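> What follows is a predicted structure for the sequence shown.
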Amino acid sequence: MDLLLDIAEPGQSLKPHEVRESLERPRHRQRVVGIDLGTTFSLVAAMDVEGRPVCIVDAEGHSALPSIVHYAADGTLLVGAAAQAQALLHPQQTISSVKRLMGRGLAELSTGEGQTPLQLLDGEGGMVRIAVGERTVSPVEVSAEILKVLKQRAEEALDGPLYGAVVTVPAYFDDAQRQATKDAARLAGLEVLRLVNEPTAAALAYGLDACPEADGREGLFAIYDLGGGTFDISILKLNKGVFQVLATGGNSRLGGDDFDQRLVDHLLRVSGLVDPDPHLLQAYRQAARQAKETLSATETASVTVPLPDGTLVQHTIDRISFEAWIHDLIHSTGLACRRAMKDAGVVAADLRGVVLVGGSTRVPLVRRFVAQLFRCEPLCDLDPDQVVALGAAHQADLLAGNGETELLLLDVTPLSLGLETMGELVEKIIPRNTPIPTARAQDFTTFKDGQTAMAIHVVQGERELVSQCRSLARFELRGIPPMVAGAARIRVTFRVDADGLLTVSAREETTGVEQVVVVKPSYGLSDGQIEQMLRDALAHGAEDMHLRLLNEARVEAERVLNAVGAALKQDGDLLAEQELKRIKAAALRLWESAQGEDQERINQEMAQLDRETAFFAQRRMDRSVQAAMAGRHIADFG
Ligand code: ADP
Ligand code: MG
């Protein structure tokens, strides 16, 4: 039990609350982007003038930024292709696949995920750190470097500072991994409008939330994502316009890199090379990747690779041979797909569509395999390696209030949901960006002796003070048996279902008295209003914190004064007149300080009163012990 709640004494009317109803919708189109922070490649996308999402390219025309960061010994930092070029010479200072380390501790990584040339260390809060030369960096910092490059690229293309971004994460990411991703964005100077699941973003890019196949805005979809080093399968359910992840599966160690390796093996064999040095091997890898990508479009590809003596040899590879080499790898994804469908309780015939995501789904054999497995032609009109970023851009645009549509896709809570506690403070129960459906509970207790009712005021927003958040509902829990302050145990439970509907229940645990209300938190606010509230929260963070501390001190002062008052009434006879005077004077000073704005002073006066009453507390305790020994209850005194 960690909090004191507001009191609604029977008959006492509740204070009227200001709700800022008329928040303005942004008048101009906001500069917002969608970011796919991938294991091997990252992309940024935004809406073009015609309102279609497009990926933003770099000076060379590339949309995909290799998710690689190099920390040079002289302190320079390289990101992307330039960093990749250093991987061979400085494997320990060149960090790739950092996404695998996000929100993870060293212990969690020892099994498989940690296979890397990097030097991993135990860091603060149990999170892993990476040693690069003389210093160490966190996965959050490394990801922030990738995000900074994308942010800058977008700001140049959009000609101004970004207002916010939607960042995608794998559907299976847990709280710590999601939090780490948000921290990385914040570190890069990006305001995260929302985290969106990668498969959900892909579904959005295809407009599945509004497609005719999903009649009545319902339907089941499979998202098949084969990237550079990971394979993910997700089964999504569209329910009243809300995507719900029913099941996920995959293989975190399978992707296009494995296709490359099969080609490398072949090239080494025909070149008669065993155990080549790392530089030569790297050249073969590059050639193999190029050949692989060519074979997605043409039947044959020619490759030129160097021999140890420096001469170059040319080989021709045909698609049929390549497919034979990678056939088993592709087939192995079928198992995970079938398992995910089983977990979700669906069969292939139930699915209304299958979406292809990830660069490796360009391989024609992958497409044929998926079509056969799910018995339908997969959706692949959009670039599979861009589709997640495009969907994220679309979502960002909606959130920023740029679009005309009122539809708000809720696969996470857009704003925090909480309760008013003493001192008009907000206690957040369900933080912003929590995937829904979700349920969280917290225990509260009474503030005053004999309190029989409690006001439950449900609010939405990021600010610390109730008056600056949006009021969603109020109700009262009555019939609490009279007890001393702090003895009652009231469990308040917040539940948000897939529709974004919030149910709040409060239950006194000893008597079982319960009250329930249903609130509709998100649809009441337009996307523009949500954005405004987030912007306010950001702008007033420090100010709110100060007010929060001040209010907390005031609440504590009131509680202490109540307690001292009650003790004096009960056991005042234990004090000499002089002693009583001193305690009353200290109490008065505390009361005066609580009327002011100086939180420090309130705390000092509280400490002073505590010192003045120490001996009094001791005497009261002695009396109660004596009373107990005499078989009498303390309440009999007074
Ligand atoms: P991730 O999501 O893991 O960061 P991507 O979805 O961008 O990665 O996929 C990267 C993989 O896609 C790489 O292995 C790359 O070689 C592969 N790839 C990209 N284009 C093609 C293509 N045309 N044909 C086959 N594979 C491709
Ligand atoms: Mg990806």
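Nice, thanks for sending it over. Ligands and ions are numbered 1, 2, ... in the order given.

> which SSE is the residue nearest to the spatial centre of the chain in?
Note on the chain: the residue nearest the mean C-alpha position is Arg178, at 3.7 Å, using C-alpha atoms, centre = their mean. Arg178 is part of helix 175-187 when elements are defined by DSSP states H and E.

> Now do that helix: everything it contacts.
For helix 175-187, contacts defined as C-beta atoms under 8 Å, 6 or more residues apart in numbering pick out 35, 37, 102-104, 127, 139-141, 143-144, 147, 165, 167, 169, 173, 191-192, 195, 433. Using the backbone N, CA and C atoms, a C-beta is placed for each residue, glycine as well.

> what do you get for stretch 549-559?
With C-beta under 8 Å, 6+ apart, stretch 549-559 has contacts from 4, 422-425, 447, 465, 485, 590-591, 593-594, 597, 599, 602-603, 605-606.

> chain center to that stretch, what's the gap?
Relative to its parent chain, stretch 549-559 has a centroid offset of 32 Å by C-alpha atoms, centre = their mean, to the nearest Å.

> Can I get that stretch in PDB, CA atoms only?
The C-alpha coordinates for stretch 549-559 follow below in PDB (Å, rounded to 0.1, in the frame of the first residue of the first chain):
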ATOM      1  CA  LEU A 549       7.100  17.700  -4.700                       C
ATOM      2  CA  LEU A 550       5.500  20.800  -3.100                       C
ATOM      3  CA  ASN A 551       2.100  19.100  -3.200                       C
ATOM      4  CA  GLU A 552       3.500  15.900  -1.800                       C
ATOM      5  CA  ALA A 553       5.100  17.800   1.100                       C
ATOM      6  CA  ARG A 554       1.800  19.600   1.800                       C
ATOM      7  CA  VAL A 555      -0.100  16.300   1.800                       C
ATOM      8  CA  GLU A 556       2.400  14.800   4.200                       C
ATOM      9  CA  ALA A 557       2.200  17.900   6.400                       C
ATOM     10  CA  GLU A 558      -1.600  17.600   6.600                       C
ATOM     11  CA  ARG A 559      -1.300  13.900   7.400                       C
END
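
> chain center to the helix holding Arg178: distance?
On C-alpha atoms, centre = their mean, the centre of helix 175-187 falls 6 Å from that of its chain.

> residues of it that come out buried?
Using 16 or more other C-beta atoms under 10 Å as the burial criterion, the residues of helix 175-187 that qualify are Ala176, Gln177, Arg178, Gln179, Ala180, Thr181, Lys182, Asp183, Ala184, Ala185, Leu187.

> Report the entries of the residues you listed that also contact ligand 2.
For ligand 2, no contacts are drawn from the buried residues of helix 175-187 by C-beta under 5 Å from the ion.

> that older thread, give me the buried entries from the contacts of helix 175-187.
Looks like the contacts of helix 175-187 have 35, 37, 102-104, 127, 139-141, 143-144, 147, 165, 167, 169, 173, 192, 195, 433 buried, using 16+ other C-beta under 10 Å.

> Those residues in helices, which ones?
Assignment to helices by DSSP state H places the following of the buried ones among the contacts of helix 175-187 there: Pro139, Val140, Glu141, Ser143, Ala144, Leu147.

> Next one: the nearest residue to the third one once chain neighbours are set aside relative to ligand 2, how far apart?
This means Glu141. Among residues not flanking Glu141 along the chain, Leu187 sits closest, at 6.6 Å (C-beta to C-beta, 6 or more residues apart in numbering). Taking C-beta to the ion, to the nearest Å as the measure, Leu187 falls 21 Å from ligand 2.

> Any regions of the stretch 351-500 of the chain where pLDDT drops low?
For the stretch 351-500 of the chain, the stretches with pLDDT under 70 are 401-412, 414, 433, 498-500.

> Break this protein into its domains for me.
Domain ranges of the chain: 4-255+326-411, 413-539, 542-629, per automatic domain parsing.

> Lowest average pLDDT across the ones you listed?
Among the domains of the chain, domain 413-539 carries the lowest mean pLDDT, at a mean of 79.

> Relative to ligand 1, which of the buried residues of helix 175-187 is nearest.
Comparing those against ligand 1 with C-beta to the nearest ligand atom places Thr181 closest, at 14.1 Å.

> Please report the distance of the residue nearest to the centre of the chain from Pro170.
As defined by C-beta to C-beta, to the nearest Å, Arg178 lies at a distance of 10 Å from Pro170.

> Check Ile429 too.
26 Å.

> Who are the contact partners of the residue in the stretch 151-300 of the chain positioned nearest to ligand 2?
Closest residue of the stretch 151-300 of the chain to ligand 2, C-beta to the ion: Gly227 (4.3 Å). Residues near Gly227 by C-beta under 8 Å, 6+ apart: Gly38, Thr39, Thr40, Phe41, Gly255, Gly256, Val357, Gly358, Gly359, Ser360, Asp385.

> Now with 7 Å, please.
Gly38, Thr39, Thr40, Gly255, Gly256, Gly358, Gly359, Ser360 (C-beta atoms under 7 Å, 6 or more residues apart in numbering).

> mind checking pLDDT for the fifth one?
Turning to Gly256, the model gives it a pLDDT of 96.

> Just give the closest residue to it, not the sequence neighbours.
Ser360 (4.0 Å).

> can you map out the helices along the stretch 251-400 of the chain?
256-271, 278-295, 319-344, 364-374, 387-399 (DSSP state H, counting those that start in this stretch).

> Does anything pack onto the last one? Which helices or strands?
If you count contacts as 3 or more C-beta pairs under 7 Å, 6 or more residues apart in numbering; DSSP states H and E, helix 387-399 packs onto strand 32-37, strand 41-47, strand 53-55, strand 164-169, strand 192-197, helix 198-205, helix 527-539.

> So which residues on this structure come close to ligand 2?
Gly38, Gly227.

> okay, now the spatially closest residue to Ser234 that is not a sequence neighbour: neighbour count?
Distance criterion C-beta to C-beta, 6+ apart; nearest residue to Ser234, sequence neighbours excluded, is Pro199 at 3.8 Å. The tally of other residues near Pro199 (other C-beta atoms under 10 Å) stands at 29.

> Settle this for me: Pro199 is touching Ile223, isn't it.
Yes: using C-beta atoms under 7 Å, Pro199 makes contact with Ile223 at a distance of 3.6 Å.
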